[in-house]
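Peer 1: coords please:
(one chain, ligands or ions: 2)
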Amino acid sequence: MAKKLYVKTFGCQMNVYDSARMADVLAPLGYRSTTEIEDADLVVLNTCHIREKAAEKVYSELGRLRALKQARQRGGGEMLLAVAGCVAQAEGEEVAARAPYVDIVVGPQAYHRLPDMVARARRERRAAVDTSMPADSRFDHLPEELAGRQPGRGVSSFLTVQEGCDRFCTFCVVPYTRGAEESRPAADVDAEARRLVAAGAREVVLLGQNVNAYHGADDAKGGEADLAGLIGRLAGIRGLERLRYTTSHPRDMTPALIEAHGTEPKLMPFLHLPVQSGSNRILATMNRGHGADRYLELVEALRAAQPRIALSSDFIVGFPGETEADFEETMALVREVEYAQAFSFKYSPRPGTPAAERDDRVPGEVAAERLSRLQRLLDEQKRRFNASMVGQTLPVLFERRGRHPGQVAGRTPYMQWLHVEGDESLIGAVAEATVTDASPNGLRGELADGRGAGTHGRAEAAGLGVAGGVPA
Ligand code: 5AD
Ligand code: SF4
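Peer 2: Ligands and ions are numbered 1, 2, ... in the order given. Here you go, the predicted structure:
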């Protein structure tokens, strides 16, 4: 009999992808996804360590789930609770100690062992914990038919090409929770991309914590392919219309990759390139390995290669030791770059990272005030960027139904959501749309060939509340 699986995903696209992967490895055990947590036989929290007090929030979520689990047990049933993701990796056995009703604690590199762990948790009465970082390649264990079994996986699909990070930014837990950088062989990526396209994907988003450090084995290329080479190879897949990649590090932005934005039409003119700060002093203590000038040079080179490229970034404000003058340098860099969108965070210490040891913390109120100034500026830029689209005709890849009946929604080349009046048959196709209205969260338009809105006139731009991206 089919058992029900409920996976709750927090954080970045990597986790979204991993959640799909967990559902895949559990399918042979009879688990099918449900949207009703109350009915689930197995609940997985796929956690993220990026937010402040991330672990505490997981424990309080677990407290709520415990009540559900107990209710189920009173009725003679079973509900297994699993904690996955970066909090699981960071906390390990601690989760089982603090929340003894948890059945499984699994780190991102052990997902292929989930079926065993489920069996073990049901057999033994104690939590199965696996947060090991294997010596063998973590990509070797992906089920072969991963994509093929999932036709509904999406017009735009994520594909992990690289995991882990060797950069050790002093604020970041990734090198500790996700381990050393590892790239997947180009032939495997190519095969998975083809399976995704066969299953209906028109866009593939190449994922990695430091994706432009990609250096996968490639027999055809004399040993190794870099990200630019991989993109060139994937661009040859028929039926694949769009390629994107995230998240990149400025230090790994090679001339070939920059060039690809100008020469490879399938590579979308959008780049998430986090800078974190505009102050050289702060960038140095963050161990970023580049200054503000180098970042601005990269932006200039990208715009020379692809004048329409839209840029996105991550920022941290209130990093230990950040002065008002440092912060002003961040504001100046933002003004100079003019972003299409960006994510900004107040620094929060992550246990085990070098920055967490520092005693020159910026007071919370000061950091909060800086964050609101930065966000106001970024919001203005986003609004300006979206408004600049009005009147333009853009190719839109339609991905899903819109909010209202008779609407479909898709993405512009610049990652903006755009809604049109149009038929569902558009989902999975790229069609030209002329932008009629812009709001900070998205665009509204009309199909350029008149297949949709026709005489319905313009709808309200307000309330376009389209879910935005998640920090990568
Ligand atoms: N405090 C605040 N923000 C952080 N990020 C990573 N670590 C921290 C931290 N300790 C932000 C960075 C990164 C994004 C995914 O999360 O900006 O690029
Ligand atoms: Fe973390 Fe990104 Fe720095 Fe790697 S490059 S340590 S993932 S912030």
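
Peer 1: who does Lys3 bridge with?
Peer 2: As for beta bridges, Lys3 partners with Tyr31 under DSSP bridges.

Peer 1: Report the contact partners of it.
Peer 2: By CB atoms under 8 Å, 6 or more residues apart in numbering, the contact list for Lys3 reads Leu29, Gly30, Tyr31, Arg32, Asp41, Leu42. In short, each C-beta sits where N, CA and C put it, glycine included.

Peer 1: What parts of the stretch 51-200 of the chain come near ligand 2?
Peer 2: The stretch 51-200 of the chain comes close to ligand 2 at residues Cys165, Arg167, Phe168, Cys169, Cys172, Val174, Pro175, as judged by CB under 6 Å from any ligand atom.

Peer 1: Buried subset of the contacts of Lys3 as a PyMOL selection?
Peer 2: Buried subset of the contacts of Lys3, written as a PyMOL selection, criterion 16 or more other CB atoms under 10 Å:
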select buried, resi 31+41+42
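
Peer 1: any chance you could map the helices in the stretch 151-300 of the chain?
Peer 2: Secondary structure of the stretch 151-300 of the chain by DSSP state H, counting those that start in this stretch: the helices cover 174-177, 186-198, 227-234, 255-263, 280-285, 292-305.

Peer 1: Quick check: which element contains Phe398?
Peer 2: Using DSSP states H and E, Phe398 maps to strand 393-401.

Peer 1: Can you give the strand pairings for that strand, parallel or anti for each?
Peer 2: Strand 393-401 has these strand partners (DSSP bridges): strand 407-411 (antiparallel), strand 430-439 (antiparallel).

Peer 1: just how off-centre is that strand within its chain?
Peer 2: Relative to the centre of its chain, strand 393-401 is centred 20 Å away, using CA atoms, centre = their mean, to the nearest Å.

Peer 1: What of stretch 324-337?
Peer 2: Distance of stretch 324-337 from its chain centroid, counting by CA atoms, centre = their mean, is 26 Å.

Peer 1: Stretch 177-187 too?
Peer 2: How far stretch 177-187 lies from its chain's middle: 16 Å, per CA atoms, centre = their mean.

Peer 1: cool, and stretch 173-192?
Peer 2: Here the centre of stretch 173-192 is set off from its chain's centre by 15 Å, with CA atoms, centre = their mean.

Peer 1: what's the span of stretch 407-425 from first residue to last?
Peer 2: In stretch 407-425, first residue to last residue: 11 Å (CA to CA, to the nearest Å).

Peer 1: if we can go back for a sec, let me know the closest of the residues of the stretch 51-200 of the chain next to ligand 2 to Glu329.
Peer 2: Cys169 (18.0 Å; CB to CB).

Peer 1: so what secondary structure elements neighbour the longest helix seen in the chain?
Peer 2: The longest helix of the chain (DSSP state H) is helix 364-387. On a contact count with 3 or more CB pairs under 8 Å, 6 or more residues apart in numbering; DSSP states H and E, helix 364-387 meets strand 310-317, helix 324-337, strand 341-346, strand 430-439.

Peer 1: By proximity to ligand 2, which residue of the stretch 301-450 of the chain wins?
Peer 2: In the stretch 301-450 of the chain, the residue that lies nearest ligand 2 is Asp314 (7.9 Å; CB to the nearest ligand atom).

Peer 1: hang on, isn't that residue packed against Phe345?
Peer 2: Yes: contact criterion CB atoms under 8 Å: Asp314 and Phe345 qualify, at 7.1 Å.

Peer 1: ok, Ser312 to ligand 1 distance?
Peer 2: Going from Ser312 to ligand 1 by CB to the nearest ligand atom, to the nearest Å gives 11 Å.

Peer 1: Please name the bridge partners of that residue.
Peer 2: Ser312 forms beta bridges with His272, Gln341, as assigned by DSSP bridges.

Peer 1: check contacts around it.
Peer 2: By CB under 8 Å, 6+ apart, the contact list for Ser312 reads Phe270, Leu271, His272, Leu273, Tyr339, Ala340, Gln341, Ala342, Phe343, Met415.

Peer 1: got a winner among these for most neighbours?
Peer 2: Highest neighbour count within these, by other CB atoms under 10 Å: Leu271, with 27 neighbours.

Peer 1: now that one: how far from ligand 1?
Peer 2: Distance from Leu271 to ligand 1, by CB to the nearest ligand atom: 14 Å.

Peer 1: And that residue, how close does it get to Arg308?
Peer 2: 11 Å (CB to CB, to the nearest Å).

Peer 1: what do you get for Glu91?
Peer 2: Separation of Glu91 from Arg308 (CB to CB): 44 Å.

Peer 1: okay, the two: which has more neighbours?
Peer 2: Ranked by neighbour count (other CB under 10 Å), Glu91 and Arg308 place Glu91 first, with 26 against 10.

Peer 1: So what's the gap between stretch 225-244 and the chain middle?
Peer 2: Relative to its chain's centre, stretch 225-244 lies at 19 Å (CA atoms, centre = their mean).

Peer 1: tell me the average confidence for that stretch?
Peer 2: Throughout stretch 225-244, pLDDT has a mean value of 97.

Peer 1: Quick one: end-to-end length of it, please.
Peer 2: End-to-end distance for stretch 225-244: 17 Å, by CA to CA.

Peer 1: Go through it and flag the buried ones.
Peer 2: Buried, per 16+ other CB under 10 Å, within stretch 225-244: 225-235, 237, 240-244.

Peer 1: cool, and stretch 395-409?
Peer 2: Pro395, Val396, Leu397, Phe398, Glu399, Gly402, Gln407, Val408, Ala409.

Peer 1: Next: stretch 43-62.
Peer 2: Within stretch 43-62, the residues that count as buried by 16+ other CB under 10 Å are 43-51, 54-55, 58-59, 61-62.

Peer 1: In those residues, find the pair that's most separated.
Peer 2: Distance extremes for the buried residues of stretch 43-62: the farthest pair is Val43 and Ile50 at 21.6 Å, using CB to CB.
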